[in-house]
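K.L.:
sequence first, predicted model second:
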Amino acid sequence: MLVEAIERNENLEFFLDIHRDSQPRDITTATVNGEPMARLFFVVGTDHPEYERNLNLATEMHYRIEEEYPGLSRGVLERGGSGVDGVYNQDLSPNAMLIEFGGIQNNFEELNRSAEAVGDIIADYIYEQVEGEVEQ
């Protein structure tokens with residue numbers, strides 16, 4: 001499906017694959033600025049030759065999120081090797097991210113707060129990239 005979308009629209013550049021972690025609430029919840037939020041982390045597949053570009057993007061997003069919302073990001077997890085599907089469609093674009101939001105015990109409000117925060121961070125990043133391309 002993603003391949004077809006890319007083929008139909010060459011202007012697509014950023015791809016988010018959103019999942020929910022299976023960890024319990026004490027691992028997937030943080031209080032940030034006095035509000036409970038669903039913690040998140042980035043998963044980067046290492047089973048394709050260009051994975052370092054995805055790793056760089058995920059790491060950049062982690063640091064930006066932590067700067068604005070300390071404790072919200074759990075970091076970046078690299079996955080690959082025997083018995084692991086360590087690609088996650090990230091071979092299709094250096095701007096593909098798999099993000100685990102919260103866990104099975106997080107409620108909609110916590111997930112929504114986190115999604116808004118991460119959405120703002122990603123939107124700022126995309127804007128900077130587009131603005132940088134225009135200036136070049």
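P.N.:
Nice, I can see it.
K.L.:
in which helix or strand does G75 reside?
P.N.:
G75 is located in strand 73-79, with elements delineated by DSSP states H and E.
K.L.:
please put the alpha-carbon coordinates of stretch 119-136 into PDB.
P.N.:
Extracted C-alpha coordinates of stretch 119-136, given in PDB (Å, rounded to 0.1, in the frame of the first residue of the first chain):
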ATOM      1  CA  GLY A 119       3.200  16.400  15.700                       C
ATOM      2  CA  ASP A 120       4.400  19.900  16.600                       C
ATOM      3  CA  ILE A 121       8.000  18.700  16.700                       C
ATOM      4  CA  ILE A 122       7.800  16.800  13.400                       C
ATOM      5  CA  ALA A 123       6.000  19.700  11.700                       C
ATOM      6  CA  ASP A 124       8.700  22.100  12.800                       C
ATOM      7  CA  TYR A 125      11.400  19.700  11.500                       C
ATOM      8  CA  ILE A 126       9.600  19.400   8.100                       C
ATOM      9  CA  TYR A 127       9.200  23.100   7.800                       C
ATOM     10  CA  GLU A 128      12.900  23.600   8.500                       C
ATOM     11  CA  GLN A 129      13.700  21.100   5.800                       C
ATOM     12  CA  VAL A 130      11.500  22.700   3.200                       C
ATOM     13  CA  GLU A 131      12.700  26.100   4.100                       C
ATOM     14  CA  GLY A 132      16.300  24.900   3.800                       C
ATOM     15  CA  GLU A 133      15.600  23.500   0.300                       C
ATOM     16  CA  VAL A 134      14.000  26.800  -0.800                       C
ATOM     17  CA  GLU A 135      17.000  28.800   0.300                       C
ATOM     18  CA  GLN A 136      19.500  26.600  -1.500                       C
END
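K.L.:
in that stretch, what counts as buried?
P.N.:
For stretch 119-136, burial by neighbour count (16 or more other Cβ atoms under 10 Å) applies to I121, I122, Y125. For the C-beta atoms, the positions are set from N, CA and C on the backbone; glycine is no exception.
K.L.:
average pLDDT across the helix or strand hosting the last one?
P.N.:
Under the criterion of DSSP H and E, Y125 resides in helix 108-135. Within the predicted structure, the mean pLDDT of helix 108-135 is 91.
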